[in-house]
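Visitor: model this:
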Amino acid sequence: MKKLDVNMKVLIAIIALFGISLSLMAQSPQKQRQMQHRDQSGIAKLDLTEDQEAEIKTIHLAQMKTVQQLTDEVKINRAKINASINKDNPDMKEIVSLVEANGKLLTDIQIKQIESKIEVRSLLTDEQKVIYNSHSGQRKRSRFIAQHRRTSKVRAERMDRMERHYR
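Guide: Prediction:
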């Protein structure tokens with residue numbers, strides 16, 4: 001009877017620890033996204049004046065609005081491409097035109113982002129530009145590392161599925 005009580009306590013403790021660790025893991029990505037959003041462009045480290053902050057905020061909001069519209073169009077075109085591909089007789093001309101339209105939209109998105117960055121840089125002092133530029137390189141490295149981790153994880157998951165399938 002005592003052995004059963006001890007085993008039950010151990011089981012409850014393990015379940016509690018597992019629950020706590022799951023909640024901590026669930027909070028971590030959310031906090032990371034908040035931190036990335038807050039310091040997305042290195043602006044927090046620049047010691048900006050109130051006028052600079054207001055102008056940069058206006059630039060970012062305008063850029064986000066434009067880019068969101070373009071991104072929505074890209075998503076719509078991707079859905080149309082997938083629908084066209086799944087038809088019994090896909091129309092290659094339609095698919096090619098949608099792909100080309102997406103290419104143009106993605107180019108426009110990148111141009112808008114570059115214009116926004118140039119606009120922000122024009123508001124900065126020389127010292128602020130140095131900090132802003134150095135932080136930009138750090139973001140690129142972080143994105144590269146994150147992309148590499150995601151693709152490695154996806155490849156590993158695909159390999160696991162294939163191995164299970166062929167067993």
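Visitor: Okay, now the unreliable bits of this structure?
Guide: For the chain, the stretches flagged by pLDDT under 70 are 1-11, 13, 16-44, 136-144, 167.
Visitor: mind checking the SS state of Ile114?
Guide: helix (DSSP: H, G, I helix; E, B strand; the rest coil).
Visitor: Near it, how many other residues are there?
Guide: Other residues near Ile114 come to 10 when the count uses other C-beta atoms under 10 Å. The C-beta positions use only the backbone N, C-alpha and C, and glycine is treated the same way.
Visitor: what comes up buried for stretch 47-61?
Guide: 48, 52, 55-56, 59-60 (16 or more other C-beta atoms under 10 Å).
Visitor: Output that stretch as CSV - backbone C-alpha positions only.
Guide: The C-alpha trace of stretch 47-61 is given here as CSV (Å, rounded to 0.1, in the frame of the first residue of the first chain):
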residue,chain,number,x,y,z
ASP,A,47,18.8,57.0,-28.6
LEU,A,48,16.4,58.8,-30.9
THR,A,49,14.8,62.2,-30.4
GLU,A,50,11.0,62.3,-30.1
ASP,A,51,10.7,63.8,-33.6
GLN,A,52,12.9,61.0,-35.1
GLU,A,53,10.8,58.4,-33.3
ALA,A,54,7.5,59.9,-34.6
GLU,A,55,8.8,60.1,-38.2
ILE,A,56,10.2,56.6,-38.1
LYS,A,57,7.0,55.2,-36.7
THR,A,58,5.1,56.9,-39.5
ILE,A,59,7.5,55.5,-42.1
HIS,A,60,7.2,52.0,-40.7
LEU,A,61,3.4,52.1,-40.4
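Visitor: one step back: and of the buried residues of stretch 47-61, the nearest to Val154?
Guide: His60 (30.9 Å; C-beta to C-beta).
Visitor: what about that closest one, which helix or strand?
Guide: Assigned by DSSP states H and E, His60 belongs to helix 50-85.
Visitor: Likewise for Asp88?
Guide: Asp88 belongs to no helix or strand, assigned by DSSP H and E.
Visitor: can you check Leu98 too?
Guide: Assigned by DSSP H and E, Leu98 falls in helix 92-122.
Visitor: and the helix or strand following that helix, what does it pack onto?
Guide: Next helix or strand after helix 92-122 toward the C-terminus (DSSP H and E): helix 126-165. Packing partners of helix 126-165 (3 or more C-beta pairs under 8 Å, 6 or more residues apart in numbering; DSSP states H and E): helix 92-122.
Visitor: Could you list the buried residues of the helix it packs on?
Guide: Of the residues in helix 92-122, those buried (16+ other C-beta under 10 Å) are 95, 98, 101-102, 105, 109, 112, 116, 119-120.
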